[in-house]
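K.L.:
Sequence plus predicted model, see below.
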Amino acid sequence: MIPTIAGVNIFSPYEGTELWDYCRKHNLLKENDPRSFLDRRQTRLTLPTISDKKLMRLYDKFQYLVYKGIDPEKSRQFLLEMWVKRYNKLENNILYGFL
């Protein structure tokens, strides 16, 4: 079956749950994190096996990877969106030079 839609969220433990307690006990929660627990586009955890940068790259590529082998047109659309997002980050940070 070909998926019609795919989505991804980044895990964020809810305060007062066993997973929150586990993350707190193992020092996985970022200190003084002002983001709401509803934000599923950034990690609230310090993960020992993956950097924040790599996690965000995977988050950005997720939909492309889902459709890569089953719907080339949708896959190209997500790839284009990913490149536009990266270009906009460069523009917003005023980074110029040779790429």
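P.N.:
Done, it's in. Quick caveat, the model's predicted, so the values are computed rather than measured.

K.L.:
Average pLDDT for stretch 19-26, rounded please.
P.N.:
Taken as a whole, stretch 19-26 has an average pLDDT of 93.

K.L.:
Check what pLDDT Asp39 gets.
P.N.:
So, for Asp39, pLDDT stands at 58.

K.L.:
Could I get the CA-only coordinates of the longest helix along the chain as PDB?
P.N.:
Secondary structure of the chain per DSSP state H: the longest helix is helix 72-92. The C-alpha trace of helix 72-92 is given here as PDB (Å, rounded to 0.1, in the frame of the first residue of the first chain):
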ATOM      1  CA  PRO A  72       9.100   9.800  -7.600                       C
ATOM      2  CA  GLU A  73       7.000  13.000  -8.100                       C
ATOM      3  CA  LYS A  74       6.100  13.400  -4.500                       C
ATOM      4  CA  SER A  75       9.700  12.600  -3.600                       C
ATOM      5  CA  ARG A  76      11.000  15.300  -5.800                       C
ATOM      6  CA  GLN A  77       8.600  17.800  -4.300                       C
ATOM      7  CA  PHE A  78       9.900  17.100  -0.800                       C
ATOM      8  CA  LEU A  79      13.500  17.200  -1.900                       C
ATOM      9  CA  LEU A  80      12.900  20.600  -3.500                       C
ATOM     10  CA  GLU A  81      11.200  21.900  -0.300                       C
ATOM     11  CA  MET A  82      14.200  20.600   1.700                       C
ATOM     12  CA  TRP A  83      16.600  22.500  -0.500                       C
ATOM     13  CA  VAL A  84      14.500  25.700  -0.400                       C
ATOM     14  CA  LYS A  85      14.500  25.400   3.400                       C
ATOM     15  CA  ARG A  86      18.300  25.200   3.500                       C
ATOM     16  CA  TYR A  87      18.600  28.100   1.000                       C
ATOM     17  CA  ASN A  88      16.300  30.200   3.200                       C
ATOM     18  CA  LYS A  89      18.500  29.500   6.200                       C
ATOM     19  CA  LEU A  90      21.500  30.700   4.300                       C
ATOM     20  CA  GLU A  91      19.700  33.900   3.200                       C
ATOM     21  CA  ASN A  92      18.400  34.500   6.800                       C
END
